[in-house]
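**Student:** Kindly generate the corresponding structure for this input.
(4 chains, ligands or ions: 4)
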Protein chains: 2
Amino acid sequence: MSAENWLEQLHDNGYRVTGARRAVVDTMYGLTRALTPTEVHETARKKYRALGLVTVYRTLEKLEELRLIQRVHQPMGCQAFIPAGIGHQHLLLCKNCGEVVFFEGDDLDALTTAIAKKTGYKIEEHWLQLFGLCANCRE
Amino acid sequence: MSAENWLEQLHDNGYRVTGARRAVVDTMYGLTRALTPTEVHETARKKYRALGLVTVYRTLEKLEELRLIQRVHQPMGCQAFIPAGIGHQHLLLCKNCGEVVFFEGDDLDALTTAIAKKTGYKIEEHWLQLFGLCANCRE
DNA sequence: TACTTAATGAAAATGTTTTTCAATAACGAA
DNA sequence: TTCGTTATTGAAAAACATTTTCATTAAGTA
Ligand SMILES: [Mn+2]
Ligand SMILES: [Mn+2]
Ligand SMILES: [Zn+2]
Ligand SMILES: [Zn+2]
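**Tutor:** Numbering: from 1, shown residues only, chains lettered A, B, ... in the order given. Ligands and ions are numbered 1, 2, ... in the order given. Got it, this is the predicted structure:
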């Protein structure tokens, strides 16, 4: 997996590989901290000066559609994106520096079964997110 | 607990009880489905015609500050509000009709301990949200 | 190389939230 | 009850965020 592979995936899905898209992909690939569209624009413009914010929105949209990136929900806002986890994973975020770590292995079956029985709902999905301080930030 | 009690809490915290705030409180109190500021405005205006959207924003801000309402995060957007749960609770949402149910009793201690050890994070909070279909909406 | 057309950036449009401000009304003090 | 202070209000403007429009450009293919 590499930034080049993301571009291939764009290409394989009928999208053209342009300078603008390269800059956005290079910016997003490998990120461990979520960036908003504006932040992506600021960063990617260092690599491709003419880049328009509109193109950032359009490219993020396509990367999300291909499940290469995903939106991150936080108390402060829900517009930021990071590279997507593979399969069913959840996020752990550092409240101080914003670093994002994926984890898996949660087992919520017992819980969802119990809640389903109690409420009469058919439970289909869950969102689980942990917040804390990373090793660096917990002084 | 009643809408009147919410108004008392506003008053007890130094805020004045006005017609506009009554309309917003009456709209929010007892809701089982999250409403956006615009939806609150539309609904509350039936009770208080002159109500401005700005006042809705300002009142929701205060109700959130007093922890009488809380923001609901959903795939489609994160601007809607419902009456807040009491203490540590989580949400179960119907994907079809939007009905919201609180639940508690999740025990994530084993999980958070394991993740903390693995990642080196000090975990302080968690968000857990379930999505599904309510008894009415599952055909 | 040439052609087709997806992709682009600028500008305008749309939508949402915040700020400003003069008028109003809540409410404690008298 | 009346009065005075001042928090609250709605309208309008401003600030932001996102989407649409459109003429121009350039990616990919033949
Ligand atoms: Mn899970
Ligand atoms: Mn919990
Ligand atoms: Zn950190
Ligand atoms: Zn339902």
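**Student:** which residues of chain A fall in strands?
**Tutor:** A:69-74, A:77-83, A:90-94, A:100-103, A:122-133 (DSSP state E).
**Student:** just these: most buried one?
**Tutor:** strand A:90-94 (a mean of 23; mean count of other CB atoms under 10 Å in any protein chain shown). The C-beta positions use only the backbone N, C-alpha and C, and glycine is treated the same way.
**Student:** Determine the angle, from 0 to 180 degrees, between it and strand A:69-74.
**Tutor:** Between strand A:90-94 and strand A:69-74, the angle comes out at 60 degrees (axes from the mean of the first three to the mean of the last three CA atoms, to 10 degrees).
**Student:** The residue nearest to A:Arg33 when sequence neighbours are not counted: neighbour count?
**Tutor:** Spatially, and ignoring its direct neighbours in sequence, A:Arg33 is nearest to A:Gly98 (4.6 Å; CB to CB, 6 or more residues apart in numbering or on different chains). Counted with other CB atoms under 10 Å in any protein chain shown, residues neighbouring A:Gly98 total 18.
**Student:** Can you read off the pLDDT for A:Gly98?
**Tutor:** We have a pLDDT of 94 for A:Gly98.
**Student:** Alpha carbons of the helix ranked longest in chain A, in CSV - could you do that?
**Tutor:** Counting by DSSP state H, the longest helix found in chain A is helix A:53-65. Extracted in CSV, the C-alpha atoms of helix A:53-65 (Å, rounded to 0.1, in the frame of the first residue of the first chain):
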residue,chain,number,x,y,z
LEU,A,53,-10.1,24.2,-2.6
VAL,A,54,-12.9,23.0,-4.7
THR,A,55,-10.7,20.2,-6.1
VAL,A,56,-9.7,19.2,-2.6
TYR,A,57,-13.4,18.8,-1.7
ARG,A,58,-14.0,16.8,-4.9
THR,A,59,-10.9,14.6,-4.4
LEU,A,60,-11.7,13.9,-0.8
GLU,A,61,-15.2,12.9,-1.9
LYS,A,62,-13.7,10.3,-4.3
LEU,A,63,-11.2,9.0,-1.8
GLU,A,64,-14.0,8.5,0.7
GLU,A,65,-16.1,6.8,-1.9
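**Student:** how about it, does it reach DNA strand D?
**Tutor:** Yes. Residues of helix A:53-65 contacting DNA strand D under CB under 7 Å from any atom of the strand: A:Leu53, A:Val54, A:Tyr57, A:Glu61.
**Student:** The residue nearest to A:Arg33 and A:Ser2, how far apart?
**Tutor:** The gap separating A:Gly98 from A:Ser2 is 24 Å, by CB to CB, to the nearest Å.
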